[in-house]
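Asks: just a sequence and a predicted model for now, questions to come.
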Amino acid sequence: MMKSFMLVTAIAFFPALALAAGKHEGGHENPMGMPATDGDMQTVEVSMRETEEGAMIFEPGELSFAPGETVRLVITNNGELEHEFVMDSVKTNAEHKEVMAKFPEMEHDDPNAVRLQPGETGEILWTFGESGEFEFACLIPGHYEAGMHGPLNVTES
């Protein structure tokens with residue numbers, strides 16, 4: 001009887017455990033905008049790296065776009081550590097950062113994020129939505145605290 005209870009309990013909780021420790025897939029509505037399709041658009045280059053003083057930074061440190069603007073963000077990890085670029089609301093990034101602290105090896109499959117090894121380059125194609133103040137950040141444990149975040153403003157020109 002006890003073995004049956006343990007088996008049923010394990011089966012019931014296994015999907016939740018697998019999701020928590022495994023892949024984080026997109027699907028939530030994002031007022032910041034939506035993924036774009038390939039085409040003619042402005043390209044913005046973003047570099048991620050560490051400084052000699054131990055800070056972790058994005059260059060540029062701030063991004064601004066207009067509602068409805070479509071861009072190709074070309075993100076390069078010029079550092080010596082793995083980094084990620086996640087753009088979302090400050091609140092959503094804070095919640096995501098808490099989950100990342102518990103599951104630092106979590107993989108992402110979000111159209112508004114890219115995780116890169118040193119020397120790698122990735123792209124995000126994005127059409128910005130509503131006006132507002134958003135954020136881009138690296139949510140790998142300790143990186144945000146080392147300075148790896150910046151404002152992303154979507155405003156009328």
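Replies: Ah, there it is. Residues are numbered from 1 along each chain as shown.
Asks: hey, let's count contacts and neighbours off CA atoms from now on
Replies: Will do.
Asks: show me where this structure has its strands.
Replies: Using DSSP state E, the strands of the chain run over residues 23-25, 33-35, 42-50, 56-59, 63-65, 70-77, 83-88, 107-109, 113-116, 121-128, 132-137, 149-154.
Asks: deepest-packed of these, please.
Replies: Per residue and on average, the most neighbours among the strands of the chain fall to strand 83-88, with a mean of 23 (mean count of other C-alpha atoms under 10 Å).
Asks: average pLDDT across it?
Replies: Strand 83-88 carries an average pLDDT of 96.
Asks: ok, and what's touching that strand?
Replies: 30, 32, 48, 75, 77, 93, 112-118, 134-140, 143, 152 (C-alpha atoms under 8 Å, 6 or more residues apart in numbering).
Asks: tilt between it and strand 70-77?
Replies: 150 degrees (axes from the mean of the first three to the mean of the last three C-alpha atoms, to 10 degrees).
Asks: quick one: strand 83-88 to chain centroid distance?
Replies: 3 Å (C-alpha atoms, centre = their mean, to the nearest Å).
Asks: direction included, what does that strand pair up with?
Replies: Applying DSSP bridges to the sheet, strand 83-88 is found paired with strand 113-116 (antiparallel), strand 132-137 (antiparallel).
Asks: can you show me the CA trace of the longest one as PDB?
Replies: Pointing back at strand 132-137 there. Extracted as PDB, the C-alpha positions of strand 132-137 are listed here (Å, rounded to 0.1, in the frame of the first residue of the first chain):
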ATOM      1  CA  GLY A 132       6.300  51.900 -21.100                       C
ATOM      2  CA  GLU A 133       9.400  51.400 -19.000                       C
ATOM      3  CA  PHE A 134      10.900  47.900 -19.300                       C
ATOM      4  CA  GLU A 135      14.200  46.300 -18.600                       C
ATOM      5  CA  PHE A 136      16.900  44.100 -20.200                       C
ATOM      6  CA  ALA A 137      19.000  41.900 -17.800                       C
END
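Asks: quick one: mean pLDDT over it.
Replies: 97.
Asks: now swap in the first one and tell me
Replies: The average of the pLDDT scores along strand 113-116 is 96.
Asks: ditto for stretch 96-109
Replies: 86.
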